[in-house]
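**Q** build the 3D model from these lines:
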Amino acid sequence: QQEINILMQRKSAVDEKNAHLKNEFGNLNQKFIDKSQELKDTEECAQKKEEQNRLIIKNLEEENKGFNICCADLLSELEKLRNQEVQWRKEKSGNDARIKNLETDLGEIREQIKSLHIICSNLSSQVDVKQEELFQKDCD
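**A** Next up is the predicted model:
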């Protein structure tokens, strides 16, 4: 009887420990289920973020292509404008040289006109003198 009582106490202790372990197993199993769901949710969220990032990267790459095309166009336009500027500077330099030559020619022509005015004035005076002489001769 004493042995049965001891065995019953052991059985009761084992049952109690078994119930405690079942309870702990249930808690751990629930934690596992919760963590599994949390992991699943996290993986889904990560996949969504990854897909969003891929889409953003794709859009940014397309936008970058557009910017690269725009930059290439602007660089081409800049090169054209620089070439045009070089051409205009050459033309301006040529025009400045022509203007300087024309100003020099104009100065020379003015000097010629002055000397021609002097000659004309002298000739006019001579004509006046000759007319006066002729008039005197006529009178005589």
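
**Q** all contacts plus neighbour counts: C-alpha atoms, from now on.
**A** Noted.

**Q** and whichever strand or helix holds residue 85, what's its mean pLDDT?
**A** For residue 85, the host element (DSSP states H and E) is helix 2-139. The pLDDT scores in helix 2-139 average 96.

**Q** look up how far residue 119 lies from residue 134.
**A** 22 Å (Cα to Cα, to the nearest Å).

**Q** just the C-alphas of stretch 73-86, formatted as PDB.
**A** C-alpha atoms of stretch 73-86 as PDB (Å, rounded to 0.1, in the frame of the first residue of the first chain):
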ATOM      1  CA  ASP A  73      21.100  67.500 -76.400                       C
ATOM      2  CA  LEU A  74      22.200  70.400 -74.200                       C
ATOM      3  CA  LEU A  75      25.900  69.500 -74.700                       C
ATOM      4  CA  SER A  76      25.400  69.400 -78.400                       C
ATOM      5  CA  GLU A  77      23.600  72.700 -78.400                       C
ATOM      6  CA  LEU A  78      26.400  74.200 -76.200                       C
ATOM      7  CA  GLU A  79      29.000  72.900 -78.700                       C
ATOM      8  CA  LYS A  80      27.000  74.500 -81.600                       C
ATOM      9  CA  LEU A  81      26.800  77.800 -79.600                       C
ATOM     10  CA  ARG A  82      30.500  77.700 -78.900                       C
ATOM     11  CA  ASN A  83      31.300  77.100 -82.500                       C
ATOM     12  CA  GLN A  84      28.900  79.900 -83.400                       C
ATOM     13  CA  GLU A  85      30.700  82.100 -80.900                       C
ATOM     14  CA  VAL A  86      34.100  81.300 -82.400                       C
END
